[in-house]
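*Asks:* got a sequence here, can you model it:
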Amino acid sequence: MRSSTMALFRTSALLASVVLVMQPGSAADRQQAIAVAAGNESQFVQGSSSRPIATYSIVARDPATGDYGIAVQSKYFAVGDVVPFAKADTGALATQAVGNPRHGPAGLKLMGEGVPAAEVIEQLLAQDPKAGYRQIGVVDSKGDAATYTGDKCLPWAGGVTGENFAAQGNLLAGPHVVEAMAATFKAVPGDLATRLVFALAAGQAAGGDARGRQSAAVLVVRQGAGYQGLNDRLIDLHVEDHVTPIRELKRLLDIRHAQLAATEAQSYLDHIDKAAATQQAGLIAKARKAAERGISVYRGDDHLWWLTAEARWLDGDLPGAVEAGREALLLSPSWPRLPAKTRAELGLPNQLVSALRKNDGFRVLWDSLASEEPVQ
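*Replies:* Okay, the predicted model is just below:
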């Protein structure tokens, strides 16, 4: 699909969001909002390709955390720009086949007003002239799930639901694709994003999209979990074009998990100075555990290695701290050439550097990197 088409998708979703936010809350007003969201459908299709987006997806809720999420793969460029919608404390929705991005904000608005998943789909499609071409999966704030497949979707097309999830797909190798996704989602441990991505992998292993694979995405929302707490996007990862998009999505998810572990470790370290003496050891242990957990899934983040070094040093493990500091320098050799104040502002305390430099090997490495000239 051309870039102009993707721009139209984004614009349509944005306009629908603005319209829906401005609608009053009565049932009649909700129906009018849905009609507005679907009413220009003929114009929308005329301005873009109306071919189906052959896709499989899973929408889910984690009852332990309250997180909502969606994972999707397709033989379609940038499927994550079209299919997934979710809002913290509200629900999640996937729109695919001939997807209607306007169903996303409209459906989330309905769920925010307490409309159950099955009724959300019913109301979205009631005034949609392309209902037969749609496929929708919804999970609401209670964990109730519903899936719909229009009778004009390309076979094989269908879906399954269970407690807290709905899996659906069209133009698939067969029903075993969504069945494998459902079984895997229920069986695999871990956080919601991990379970969703493993469910996608199971669907691919079972045959996946009959045309092949190209893009994938995973979205998980939690109140205040985004950047600086300013949005709800805990996980928001897209693979737009890749030979093995799920494998690449898993790689990106590992990096995101490491980043989240770094944030957790930093938060513990930031509280040590203000904590009572009896609490400091516990905070150090938690910081070390979080940092080392991040390193276990992704070793390519120099900031995370410095956090690991700091936690180990505070924990009395200087050899372990030196090892972590060396890894940080090998990943990013420019640290010694930064001003001490800049290093501190970036999260590398000068006290840690001084402690690590007491090790002869670390000091030689640091000093060799501190000079622009080669060491003779």
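
*Asks:* for the nearest residue to His242 once chain neighbours are set aside, give me the pLDDT.
*Replies:* Of all residues not flanking His242 in the chain, Glu248 sits nearest, at 4.7 Å (CB to CB, 6 or more residues apart in numbering). Quick note: C-beta positions are derived from backbone N, CA and C, even for glycine. pLDDT recorded at Glu248 is 98.

*Asks:* okay, now Glu248: neighbour count?
*Replies:* Using other CB atoms under 10 Å, the number of residues around Glu248 comes to 17.

*Asks:* buried residues, the helix or strand that contains it. List them.
*Replies:* For Glu248, the host element (DSSP states H and E) is helix 245-270. With burial defined by 16 or more other CB atoms under 10 Å, the residues of helix 245-270 counted as buried are 245-246, 248-250, 252-254, 256-258, 260-262, 264-266, 268-269.

*Asks:* helix, strand, or coil at the most centrally placed residue in the chain?
*Replies:* Centroid-nearest residue in the chain: Ile235, 2.6 Å away (criterion: CA atoms, centre = their mean). Put simply, Ile235 is strand when judged by DSSP: H, G, I helix; E, B strand; the rest coil.

*Asks:* isn't it right up against Ala71?
*Replies:* No. Here Ile235 lies out of contact with Ala71, judged by CB atoms under 8 Å, at a distance of 9.7 Å.

*Asks:* give me the common contacts of those two.
*Replies:* 193, 218-219 (CB atoms under 8 Å, 6 or more residues apart in numbering).

*Asks:* which one of the residues you listed sits in the busiest neighbourhood?
*Replies:* Highest count within those by other CB under 10 Å belongs to Val218, 29 neighbours.

*Asks:* what helix or strand does that residue sit in?
*Replies:* Using DSSP H and E, Val218 falls in strand 215-221.

*Asks:* which residues lie in contact with Glu119 in this structure?
*Replies:* By CB under 8 Å, 6+ apart, the contact set of Glu119 is Leu110.

*Asks:* mind listing the helices for the stretch 101-250 of the chain?
*Replies:* 103-112, 117-126, 176-187, 192-205, 245-270 (DSSP state H, counting those that start in this stretch).

*Asks:* can you put these in JSON lines and add distance to Gln351?
*Replies:* JSON lines is the format used below for the helices of the stretch 101-250 of the chain (distance: least, CB to CB, whole Å):
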{"stretch": "helix 103-112", "distance to Gln351": "48"}
{"stretch": "helix 117-126", "distance to Gln351": "54"}
{"stretch": "helix 176-187", "distance to Gln351": "46"}
{"stretch": "helix 192-205", "distance to Gln351": "36"}
{"stretch": "helix 245-270", "distance to Gln351": "12"}
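
*Asks:* how much space is there between the nearest residue to Ala370 once chain neighbours are set aside and Ala275?
*Replies:* Among residues not flanking Ala370 along the chain, Pro336 sits closest, at 3.7 Å (CB to CB, 6+ apart). Remark: distance between Pro336 and Ala275 (CB to CB, to the nearest Å) = 31 Å.

*Asks:* and for Asn231?
*Replies:* Distance from Asn231 to Ala275, by CB to CB: 30 Å.

*Asks:* repeat for Leu124
*Replies:* Counting by CB to CB - Leu124 and Ala275 are separated by 50 Å.

*Asks:* pick out whichever of these two has more residues nearby.
*Replies:* Shown here are Leu124 and Ala275; by other CB under 10 Å, Leu124 has more neighbours (26 against 14).

*Asks:* thought the more buried one was touching Gly107?
*Replies:* Yes. Applying CB under 8 Å as the test, Leu124 and Gly107 come out as touching, 5.7 Å apart.

*Asks:* mutual contacts of these two, please.
*Replies:* Contacts common to Leu124 and Gly107, judged by CB under 8 Å, 6+ apart, are Ile136.

*Asks:* where along the stretch 251-376 of the chain do the helices fall?
*Replies:* Using DSSP H, counting those that start in this stretch, helices in the stretch 251-376 of the chain cover 277-297, 302-314, 318-331, 340-345, 350-356, 360-370.
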